[in-house]
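>>> sequence-free structure coming up:
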């Protein structure tokens, strides 16, 4: 046995998506990082060992313009290019290569941390080192550092260090949460084991093992969905162990879950109720995918109210959007539904105070062990949300280390620096504006070769009967005037429309009625009718425009839709809706298409000045520059200029990777684009140096959202010009941000 001691700036324990993103963020901030993972692959529950799809703020399309950016966004976009069919092993590679690309990260796979050395009184503990055993290499390694991040899921590091934590369900009285039980208990969400099947083209028999579960003796056949075409995480409901201790009873839980898988497969193959002769089991998980265990106590415990009310924390550093998703303790044996869902009206914020320990001064945490109640944990636990929390924690931990302050001191005295670091890295934040004094672009004048100012979608691809109300999101700035719609009317009738505010800038639901109009429509086809609207809000925002149902009317559809616009249908809940909290009346109607419409007044929602300052994602509007169509403006350009040369050391460009598109790592659905069309493909960056335009960088075949271009010393341009020569399919050029950081 070899005993070694290694020293780092930061040590991250846990190689799931939270730990991976934390390690990459800290390394990019210049810190030497050890990333320790007790399995042979990275990715945690998303890896090929467990194969849970990566869910996040998009909530499978229930939330809008919600997909994560930053490191998690990079992984999504890169995996979409490499792995559009969702191969679990290619996903492993995507994560592994992202870590290996960072030369300041030392990766320790198969290394199980079992010992923590900590000191100090109970209310002010300090971790000095952690020690792990690397299987296969037979190495005992002690890692020392100034800062530690527990991203282990189960929270073993913090537990051994004496960090305060919670398990189970708090009583309703503690936080006033309506979904909390009246009486506290130790129940948690259970664990899951999944399986894959394969059609081999000839009959295959299946002889179940003696321990296979007889599912006919359970409620499974009546209460759960079993189909031959389902695979993997479609069987998320194979869950058990919530009434046990998911760590102490891990082996028992694994055995029960595998028995259930073999029993379910026995039913599919041998019951005679399924057409499964040519199917065989291709893969069965051997590692239970855990949902819940310890949740550490930070300086803020996120609650149901924070999620549903979308609390605007001063120290907001990450966001989520998945529903509060709670499962019955009995898991697959429960007679009630396998899950309950309660959505906030849009994405919610997570504060920095939920990512560090209240009593261990150098312990940060990210993943499913952050400071949250059991109810709030029901949404923060999904992996893309864990990942953006990891990036936030890694970024903040690196900054605290650089400044020599504790996490609590960082929140109290250095929040602007935290926010600027997150904005600079394009992390997943909401409502955090770019006000970085190091960004010289904030003082530049911005012009463009052209700008989308007139919204007019006029080419019809068919009609949509108004059997139910439909609605659309319309960017409003500086004013929304008359709106024209292309309609058919079978007889003389009336068209009724309502314009609503959406409430918070990240929401896409009707909140407050602004105006209601009713107009006469004569019988006829393909006629433009005018809605006499007039709304001038005090800042950029979205309007939620509802067209009420009318069986005598049909709207003309279009295959074109402008950036920031989405369309909805309305439906009432049916008798199958057991939980009214989970109901959302407005559902996404069309994907990448809409209706024929014209806005009478020009808009500045897509103006070139959108690319400096502001927000790097839709927030009260689309927040990007959009050119005229490429067949009109063949090489659109965007220009920043200053009165004098500027000491620019790095130019960062944020392109539009279409965060409305719901990407996923494995197999929930297939997105038809290997590269998002809105991303600029080919471009060159020019600088005005010595009175002449000089090419500073030229890029082809781009498929990334964030591009960084360091400039040679003493370049000092008096202007920057971004010239776009091709997109990845979008009919216009889109740019979200251009930043020019001081050398």
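That came through, no problem. Note that the structure is a prediction, hence the values are computed from the model and not measured.

>>> the helix or strand residue 389 falls within - what's its average pLDDT?
Using DSSP states H and E, residue 389 maps to helix 383-403. Mean pLDDT, computed over helix 383-403, is 98.

>>> can you list the domains in the chain?
2-168+297-424, 191-290, 440-451+606-742, 456-599 (automatic domain parsing).

>>> nearest to residue 184, out of the ones you listed?
Minimum separation from residue 184 across the domains of the chain (C-beta to C-beta) falls at domain 2-168+297-424, 6.6 Å. Any C-beta I mention is one placed from the backbone N, CA and C, and that applies to glycine too.

>>> any idea how far apart the tips of the closest one sit?
42 Å (C-alpha to C-alpha, to the nearest Å).

>>> and if you look at stretch 203-212?
Across stretch 203-212, first to last residue, C-alpha to C-alpha, it's 21 Å.

>>> if you count neighbours, what's buried in it?
208, 212 (16 or more other C-beta atoms under 10 Å).

>>> show me the contact partners of that stretch.
With contact meaning C-beta atoms under 8 Å, 6 or more residues apart in numbering, stretch 203-212 is reached by 255, 259, 262-263, 265-266, 269-270, 277-281.

>>> assumed residue 546 was part of a strand.
Yes. Per DSSP: H, G, I helix; E, B strand; the rest coil, residue 546 lies within a strand segment.

>>> check which residues of the helix or strand that residue 221 is a member of are buried.
Residue 221 is part of helix 220-223, with elements assigned from DSSP H and E. Across helix 220-223, burial judged by 16+ other C-beta under 10 Å covers residue 220.

>>> contacts for it?
Under C-beta under 8 Å, 6+ apart, the answer for helix 220-223 is 215, 226, 260, 264, 267, 332-335, 337-338.

>>> what separates that helix from the chain centre, distance-wise?
32 Å (C-alpha atoms, centre = their mean, to the nearest Å).

>>> with stretch 298-311 instead?
18 Å.

>>> hmm, who's touching that stretch?
175-180, 313, 320, 324, 342, 344-351, 353-358, 365, 370-373, 375-377, 379-380, 408, 411, 504, 506-507.

>>> ditto for stretch 179-187
Counting by C-beta under 8 Å, 6+ apart, 167-172, 174, 242-243, 245, 304, 324, 326, 329, 340, 342, 373-375, 378 sit against stretch 179-187.

>>> need the buried ones from the residues you listed selected in PyMOL.
Command for PyMOL that selects the buried part of the contacts of stretch 179-187, burial taken from 16+ other C-beta under 10 Å:
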select buried, resi 167+168+169+170+172+242+243+304+324+326+329+340+342+373+374+375+378
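
>>> would you turn the contacts of stretch 203-212 into TSV with pLDDT and secondary structure?
Listed next are the contacts of stretch 203-212 as TSV, based on pLDDT from 0 to 100; DSSP: H, G, I helix; E, B strand; the rest coil:
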residue	pLDDT	secondary structure
255	98	helix
259	98	helix
262	98	helix
263	98	helix
265	98	helix
266	98	helix
269	97	helix
270	97	helix
277	97	coil
278	98	coil
279	98	strand
280	98	strand
281	97	strand
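
>>> filter these to the buried ones?
For those, buried by 16+ other C-beta under 10 Å: 259, 262-263, 265-266, 269, 279-281.

>>> for those residues, which one is nearest residue 397?
Nearest member of the buried ones among the contacts of stretch 203-212 to residue 397, counting by C-beta to C-beta, is residue 259, at 41.9 Å.

>>> so that closest one touches residue 213, yeah?
Yes. With contact defined as C-beta atoms under 8 Å, residue 259 reaches residue 213; the gap is 4.5 Å.

>>> name every strand pairing with the strand or helix carrying residue 318 and say which way it goes.
Assigned by DSSP H and E, residue 318 belongs to strand 316-320. Neighbouring strands of strand 316-320 in its sheet, by DSSP bridges, are strand 348-351 (antiparallel).

>>> what element comes up after the partner strand heading to the C-terminus?
That would be, after strand 348-351 and using DSSP H and E, strand 363-365.

>>> and the next helix or strand past that next one?
helix 374-380.

>>> off-centre distance for that following helix?
16 Å.

>>> what's it packed up against?
With contacts taken as 3 or more C-beta pairs under 8 Å, 6 or more residues apart in numbering; DSSP states H and E, helix 374-380 sits against helix 304-308, strand 324-326, helix 383-403.

>>> swap in 7 Å and give it another go.
Applying 3 or more C-beta pairs under 7 Å, 6 or more residues apart in numbering; DSSP states H and E, we find helix 374-380 packed against helix 304-308, strand 324-326.

>>> which residues does the shortest one contact?
Going back to what we said before, that points to strand 324-326. 179, 304, 307, 339-342, 375, 378-379 (C-beta atoms under 7 Å, 6 or more residues apart in numbering).

>>> so what's residue 6 up against?
Residue 6 neighbours (C-beta under 7 Å, 6+ apart): 34, 141, 143.

>>> likewise residue 587?
Residue 587 neighbours (C-beta under 7 Å, 6+ apart): 568-569, 571.

>>> take those residues and keep only those in strands.
Those of the contacts of residue 587 mapping onto strands are 568-569, per DSSP state E.

>>> burial measure for residue 22, as a count.
38 (other C-beta atoms under 10 Å).

>>> please name the nearest non-neighbouring residue to it.
Among residues not flanking residue 22 along the chain, residue 394 sits closest, at 3.4 Å (C-beta to C-beta, 6 or more residues apart in numbering).

>>> pretty sure the one you found contacts residue 30?
No. With contact defined as C-beta atoms under 7 Å, residue 394 does not count as touching residue 30 (11.9 Å).

>>> which one of these two has more residues nearby?
residue 394 (35 against 11).
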